[in-house]
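*Asks:* coordinates only, sequence not included:
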Ligand SMILES: CC(C)(COP(=O)(O)OP(=O)(O)OC[C@H]1O[C@@H](n2cnc3c(N)ncnc32)[C@H](O)[C@@H]1OP(=O)(O)O)[C@@H](O)C(=O)NCCC(=O)NCCS
């Protein structure tokens, strides 16, 4: 079977917002399956999360913030979230390569500060990518692109006309990655508290569909 037709079918399934998407784009690119997480994925998801931050945000966030991240506590937290089904309005999807979970994305309706308990009811038609992290051992092999493509399709499928995300301005790798996928800074910025560090974040936006 030609790789192209595999990719076309996978893309079609992604466009339809289905939960599991196989992306195959070339000889060196790994097969990436995007799927719903299972409770037993907690350790792999937490590890990808922590390592993506510790490597990706080195020199951007203070070293002490990155170095004091407690992996065991993160595993426990992810285990609790996945076991409780804590993600209802928002969705988590993991990227699996050769049977191992190497990254994850979280998406849902745009977060609206001070919105009522279910911000979905005040939806502005805008979706949000809340988080996208890939374990650094797997960077540059298409897992990030598979997750992002899935999120864009799923948000469009949920009725959102456009999507936003917040990124640290110093995150050159992340910004270049998003720009290659059709995202652009829209001029908005905010200040956030991340584990005791005050950081600026800028907003990126992309039309969907
Ligand atoms: C940003 C991030 C999610 C990208 O994940 P990734 O799995 O490396 O993404 P991809 O492999 O799809 O693409 C990354 C690059 O590898 C290249 N690439 C992808 N597959 C490739 C392959 N088979 N061979 C060579 N290069 C490849 C892509 O062209 C892309 O290049 P670019 O960065 O110049 O655009 C990841 O680097 C990460 O987790 N960073 C830390 C956390 C972060 O910044 N998150 C996003 C901010 S909110």
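*Replies:* Right, received. Where do you want to start? Everything numeric here is computed off the predicted structure, so don't read it as measured data. Residues are numbered from 1 along each chain as shown.

*Asks:* let me see the ranges of the helices in this protein.
*Replies:* Using DSSP state H, the helices of the chain run over 3-15, 42-56, 63-67, 71-84, 143-157, 172-180.

*Asks:* now do the closest residue to residue 151 other than its chain neighbours: how many residues are near it, please.
*Replies:* Nearest non-adjacent residue to residue 151, counting by CB to CB, 6 or more residues apart in numbering: residue 107, 4.6 Å away. Heads up, the C-betas are built off the backbone N, CA and C, glycines and all. Counted with other CB atoms under 10 Å, residues neighbouring residue 107 total 26.

*Asks:* so what pLDDT did residue 107 get?
*Replies:* Among the per-residue scores, residue 107 holds a pLDDT of 96.

*Asks:* who's it bridged to?
*Replies:* residue 91, residue 129 (DSSP bridges).

*Asks:* how close does it sit to residue 68?
*Replies:* Counting by CB to CB, to the nearest Å, the gap between residue 107 and residue 68 amounts to 28 Å.

*Asks:* equivalent analysis for residue 45, please.
*Replies:* 20 Å.

*Asks:* in the protein, where is pLDDT below threshold?
*Replies:* 1-30, 113-124 (pLDDT under 70).

*Asks:* and it, which residues reach the ligand?
*Replies:* Contact residues (CB under 6 Å from any ligand atom) of the chain with the ligand: 28-29, 52, 56, 132-134, 139-145, 167, 171, 173-174, 176-177, 180.

*Asks:* run a quick neighbour tally on residue 79.
*Replies:* Using other CB under 10 Å: residue 79 sits among 17 other residues.

*Asks:* repeat for residue 204
*Replies:* Counted with other CB under 10 Å, residue 204 comes out at 22.

*Asks:* tell me the contacts of it?
*Replies:* Counting by CB atoms under 8 Å, 6 or more residues apart in numbering, residue 204 touches 164-167, 175, 178, 183-186.

*Asks:* in PyMOL, how would I select just the buried ones from these?
*Replies:* Restricted to buried positions by 16 or more other CB atoms under 10 Å, the PyMOL selection for the contacts of residue 204 reads:
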select buried, resi 164+165+166+167+175+178+183
